[in-house]
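# Need the 3D shape of this:
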Amino acid sequence: MRESDLPSPNIGSRGFQLRRSAAQAISQLEVIAPNYPDGKHPEAGSLKAFFLACATACEPIEVEA
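Purely as a prediction, here's the structure:
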């Protein structure tokens, strides 16, 4: 995954680091996934759960649109 494929979190310099790290983590799984019989990386679900937990943690402080 390319970093530019993810939206900016708009939280300053930490946002750029966060976006880069997220893209790298996803990319790592994408590169390795074809080596598994079904083309699915077994840790993709854990990474998804991590991102969902991050989203859930933001809900109490999110401004309603």
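
# so which helix or strand takes in the residue positioned nearest the centre of the chain?
The chain has Ala22 as the residue nearest its centroid, 4.2 Å off, counting by C-alpha atoms, centre = their mean. Element membership of Ala22, judged by DSSP states H and E, is helix 13-32.

# CA-only coordinates of stretch 11-20 in CSV, if you can.
Written as CSV, here are the backbone C-alpha positions of stretch 11-20 (Å, rounded to 0.1, in the frame of the first residue of the first chain):
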residue,chain,number,x,y,z
ILE,A,11,-3.1,15.7,13.5
GLY,A,12,0.2,17.4,12.6
SER,A,13,3.6,15.8,12.3
ARG,A,14,2.5,12.7,14.2
GLY,A,15,-0.2,12.2,11.6
PHE,A,16,2.4,11.8,8.9
GLN,A,17,4.3,9.3,10.9
LEU,A,18,1.0,7.4,11.7
ARG,A,19,0.0,7.3,8.1
ARG,A,20,3.4,6.1,7.0
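
# Identify each buried residue in it, please.
Arg19 (16 or more other C-beta atoms under 10 Å). C-beta coordinates here come from the backbone N, C-alpha and C atoms, glycine included.

# Below-threshold pLDDT in the chain: ranges please.
The chain contains residues with pLDDT under 70 at 65.

# Ramachandran coordinates for the residue lying farthest from the centre of the chain?
Distance to the chain centre peaks in the chain at Pro37, reaching 23.5 Å (criterion: C-alpha atoms, centre = their mean). Main-chain torsions, Pro37, degrees, to the nearest 10: phi -50, psi -40.

# Okay, it and Gly45: tell me how far apart.
Pro37 is 16 Å from Gly45, where distance means C-beta to C-beta, to the nearest Å.

# again with Met1
Separation of Met1 from Gly45 (C-beta to C-beta): 17 Å.

# Tell me which of the two has more neighbours.
More crowded of Met1 and Gly45, by other C-beta atoms under 10 Å: Met1, with 15 against 10.

# ok, and the closest non-adjacent residue to Gly15?
Pro9 (4.1 Å; C-beta to C-beta, 6 or more residues apart in numbering).
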